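Enquirer: what follows is a predicted protein model with its sequence.
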Amino acid sequence: MSTPLRTPAADPARRSRLRLIVVQALVLSLFLTLFGRLWYLQVFTGESYQAAAAEQSVRELVVQPPRGLIVDAQGRPLVANRTSWVVSVDRTLLGKLELEERETLLRRVARTVGSSYDDVLARTRLCGEEGAVVGVCWNGSPFQPVPIAEDIEQTVAVRILEQPEDYPAVLAEKQHVRAYPEPFGINAAHLLGYLSPITAEELEEAETEGDTSVHGASDVGRAGLEREYDRVLRGQPGYKRVAVDSRGRVLGDSGEVEGIAGDTLVTSIDARVQAVVEQQLARTIREARQTRDSVTGRNYVADSGAAVVLDARNGRVVAMASEPTYDPGVWVGGISAKQLERLYSEKAGTPLLSRATQGQFAPGSTWKPFITAAALGAGYRQDTRLNCSSAFRVGNRDFKNYESGAYGSIGFDRALEVSCNTFFYRIGYDYWQKFGSDIADVDAKDPLVAGAKDFGFGERTGIDLPGEASGRIADRSWKREYYEANKQYYCRIAKKNPTGNDFLPKFAREFCAEGFAYRAGDAVNFSIGQGDTLVTPLQLARAYAALANGGTLYEPRVAKAVVDADGNVVRRIKAKKAGGVKTAKRDLAYIDRALGGVTRTGTMSWRMQGFPLERVQVRAKTGSAEVHGKQSTSWLATYDDTYVVVMMVSQGGTGSGTSGPAVRTIWETLYGVRGEDVVPARAAMPGATPPKGLPTFAADGEILPPAREED
């Protein structure tokens with residue numbers, strides 16, 4: 001049986017049908033895959049993609065909560081908050097606009113807020129960008145809306161909000177800004193400090209540490225209490241979501257997470273005393289500038305000054321003032337370049353510098369009580385008598401008494417009363433001869449240097465304010481270090497001027513040859529607070545507090561407690577003892593009696609006539625420090641069992657002559673003195689003493705003075 005033959009036409013037809021079937025299967029599988037993917041995207045994961053799409057039309061803004069208050073010991077606000085309408089520009093959305101649209105928008109915004117186009121443009125630039133202006137540029141996150149106008153009128157803000165089509169990428173909202181109530185007209189700028197935008201480095205550091213209390217638009221403390229207690233004052237920010245369209249126009253809010261308000265800082269400052277201290281310091285400087293200096297024949301320059309009032313019992317700061325000062329409000333809303341330049345200007349007196357904690361000055365005769373304490377602890381006796389001659393010769397130089405006065409053979413007590421220089425010169429020279437006549441011996445014993453360090457000089461007091469200076473003890477070690485650091489400079493001058501008789505070349509030759517040498521002249525200068533030794537007014541006040549309280553050195557404190565928004569005490573900031581002086585109690589009592597004589601029969605007595613010293617037993621020490629090339633620095637240190645009051649005026653003359661009236665007025669304020677009477681009801685603080693308790697924080701937000709029964 002034979003097999004039939006296939007025709008050529010039948011085989012291609014079959015292959016065509018197979019190909020068609022395969023193509024149909026492929027098309028069907030593609031459609032099935034496509035529909036499956038569409039189902040997956042639209043049904044199975046549709047909600048997540050819808051949410052992601054919605055997120056693209058929502059901007060998340062950080063909302064800074066109210067910063068904590070700073071109040072005085074009686075509960076009076078020293079730093080508070082107020083609401084301000086702020087206009088901001090979103091740089092991200094602004095960048096999506098065409099260049100011409102962007103310029104048109106910024107010009108419109110500038111006209112609306114009453115500013116110039118150049119100023120608005122400068123505020124939108126990031127610091128570090130080309131064309132950025134220091135003090136005006138934006139130092140925060142580039143993704144946070146940039147404030148370009150603050151304290152605008154509500155009508156202006158409403159216009160921007162109601163016309164979003166004309167103001168794309170522009171926000172208008174209420175924000176909390178710092179306010180300074182100024183009770184009794186106080187300034188207190190150096191105590192309170194100021195705020196400025198956080199830097200990129202600070203923000204990066206905070207993010208690394210997991211600190212969520214700051215963000216790109218945060219203002220952080222830069223000085224004073226604002227910086228020292230920044231973390232407790234700033235609170236925790238909240239977040240607000242704002243719906244916007246594709247052009248960045250705000251369509252409305254879509255939710256907010258509230259922040260946590262900052263805690264309140266209670267201080268030991270008394271606003272009434274602070275006001276009087278500031279007023280008296282400023283008045284003293286003004287009057288000094290109108291007073292003729294008998295030495296130079298010119299009026300006193302009186303370029304700066306400081307005053308400190310401490311609670312001698314615990315080291316708390318009751319008042320502290322520095323001149324020149326500045327308005328802390330200039331930082332609110334951004335400081336201008338011109339204002340910033342003035343704050344750092346030496347011509348303007350460098351207003352940012354706190355003379356009370358950062359200014360360093362020769363202490364003059366206010367140094368003598370501590371030299372007395374050192375001498376009594378190192379061989380001298382209370383019945384020692386030395387010659388208070390008009391001058392004391394060291395080598396070929398006469399070291400003179402003030403106005404060349406002479407009082408004969410006297411003791412330490414009388415030497416303090418009349419501020420006899422030559423009495424103390426003899427003590428300094430005596431110890432130099434005994435222990436330090438080898439001028440190159442850096443490690444030579446020096447009881448006077450040891451005594452000064454015992455009272456805390458030459459190191460920071462530890463006050464809870466940033467940037468404190470340490471002062472300087474100009475002993476043998478310091479002189480050697482100074483020589484090593486500067487010998488090349490002075491030796492070059494000496495080489496260029498080998499015979500010049502002007503001060504600088506002559507000094508350079510001497511310094512180049514033996515600038516390391518600690519000579520007898522250095523020792524006698526040290527004994528009366530002259531030469532290269534420097535102190536801050538706060539250091540001096542703390543040392544006098546140790547005389548008042550029997551020998552305890554405290555770390556001064558401005559803050560007393562941290563209180564939350566509900567009025568609960570979060571933390572009490574206790575007074576801290578830094579140590580005790582080694583001076584014997586009997587010697588401290590002897591010095592105390594001698595300084596009591598300064599106000600009765602000594603150098604301060606003429607300023608205390610008619611003052612009720614029997615009831616307010618003020619002790620004092622005057623000082624007039626001489627500095628080469630400058631006029632004398634006026635010092636006056638006073639205290640009783642409760643308070644220490646110190647005033648300093650740089651290039652201001654004598655202690656009692658310049659600062660006497662002001663310091664007396666401060667004491668009258670503290671105790672309510674009227675003429676020769678003491679009227680406790682007129683005292684600055686109830687009971688004429690700083691309160692031990694804290695202000696009462698009522699449920700309605702009112703802050704009441706401390707209850708006196710807590711004392």
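Expert: Received, thanks.
Enquirer: okay, buried residues for stretch 659-667 please.
Expert: 659, 660, 662, 663, 664, 665, 666, 667 (16 or more other CB atoms under 10 Å). (Each C-beta comes from the backbone N, C-alpha and C, glycine too.)
Enquirer: which strands and helices sit next to the top helix by length along the chain?
Expert: When the chain is parsed with DSSP state H, its longest helix is helix 10-39. Where contact means 3 or more CB pairs under 8 Å, 6 or more residues apart in numbering; DSSP states H and E, helix 10-39 is not packed against any helix or strand.
Enquirer: what is the nearest of the buried residues of stretch 659-667 to residue 563?
Expert: Of all the buried residues of stretch 659-667, residue 666 has the smallest distance to residue 563: 29.1 Å, by CB to CB.
Enquirer: how is the closest one assigned, secondary-structure-wise?
Expert: helix (DSSP: H, G, I helix; E, B strand; the rest coil).
Enquirer: what sits against it?
Expert: 273, 276, 277, 280, 307, 309, 645 (CB atoms under 8 Å, 6 or more residues apart in numbering).
Enquirer: which ones among these lie within helices?
Expert: Counting by DSSP H, those place 273, 276, 277, 280 in helices.
Enquirer: neighbour-wise, which of those residues leads?
Expert: residue 277 (28 neighbours; other CB atoms under 10 Å).
Enquirer: pretty sure that residue is touching residue 307, no?
Expert: Yes: Residue 277 lies in contact with residue 307 (CB atoms under 8 Å); the separation is 4.9 Å.
Enquirer: for the two, list the residues in contact with both.
Expert: Residues within reach of residue 277 and of residue 307 at once, by CB under 8 Å, 6+ apart, are 319, 320, 321, 666.
Enquirer: tell me how far the strand ranked longest in the chain is from the chain's mean position?
Expert: When the chain is parsed with DSSP state E, its longest strand is strand 77-89. Remark: strand 77-89 is offset 22 Å from the chain centroid, using CA atoms, centre = their mean, to the nearest Å.
Enquirer: that one pairs with which strands?
Expert: strand 70-71 (antiparallel), strand 146-150 (antiparallel), strand 170-179 (antiparallel) (DSSP bridges).
Enquirer: only the buried residues of it, if you could.
Expert: 77, 78, 79, 80, 81, 84, 85, 86, 87, 88, 89.
Enquirer: again with stretch 583-591
Expert: Within stretch 583-591, the residues scored as buried using 16+ other CB under 10 Å are 583, 587, 588, 590, 591.
Enquirer: relative to residue 705, which of those residues is nearest.
Expert: Closest approach between these and residue 705, by CB to CB: residue 588, at 34.9 Å.
Enquirer: for the helix or strand harbouring that closest one, which helices and strands make contact with it?
Expert: In the assignment (DSSP states H and E), residue 588 maps to helix 585-600. Under the contact criterion of 3+ CB pairs under 8 Å, 6+ apart, helix 585-600 touches helix 368-376, helix 412-418, helix 537-549, strand 619-625.
Enquirer: mean pLDDT and distance to residue 464 added to the ones you listed, as JSON lines?
Expert: Putting the helices and strands packed on helix 585-600 into JSON lines (pLDDT from 0 to 100; distance: least, CB to CB, whole Å) gives the following:
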{"stretch": "helix 368-376", "mean pLDDT": "98", "distance to residue 464": "25"}
{"stretch": "helix 412-418", "mean pLDDT": "97", "distance to residue 464": "33"}
{"stretch": "helix 537-549", "mean pLDDT": "98", "distance to residue 464": "12"}
{"stretch": "strand 619-625", "mean pLDDT": "96", "distance to residue 464": "27"}
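Enquirer: which stretch among the ones you listed comes nearest residue 71?
Expert: Closest among the helices and strands packed on helix 585-600, once you apply CB to CB, is helix 537-549, at 22.1 Å.
Enquirer: now that closest one and helix 585-600, what's the angle there?
Expert: 110 degrees (axes from the mean of the first three to the mean of the last three CA atoms, to 10 degrees).
Enquirer: and helix 537-549, how far out from the chain middle?
Expert: On CA atoms, centre = their mean, the centre of helix 537-549 falls 21 Å from that of its chain.
Enquirer: C-terminal to it, what's the next element?
Expert: That would be, after helix 537-549 and using DSSP H and E, strand 552-555.
Enquirer: after that following strand, which helix or strand is next?
Expert: Downstream of strand 552-555 (by DSSP H and E), the next one is strand 559-563.
Enquirer: what lies in contact with that following strand?
Expert: For strand 559-563, contacts defined as CB under 8 Å, 6+ apart pick out 73, 225, 228-229, 232, 263-268, 316, 464, 569-573, 694, 697.
Enquirer: hmm, residue 105 is touching residue 164, no?
Expert: No: at 12.0 Å, residue 105 and residue 164 do not qualify as touching, with contact defined as CB under 8 Å.
Enquirer: quick check: the gap between residue 178 and residue 171.
Expert: According to CB to CB, to the nearest Å, residue 178 stands 21 Å off from residue 171.
Enquirer: between those two, who's got more neighbours?
Expert: Each of residue 178 and residue 171 has its neighbours counted (other CB under 10 Å); residue 171 has more, 24 against 21.
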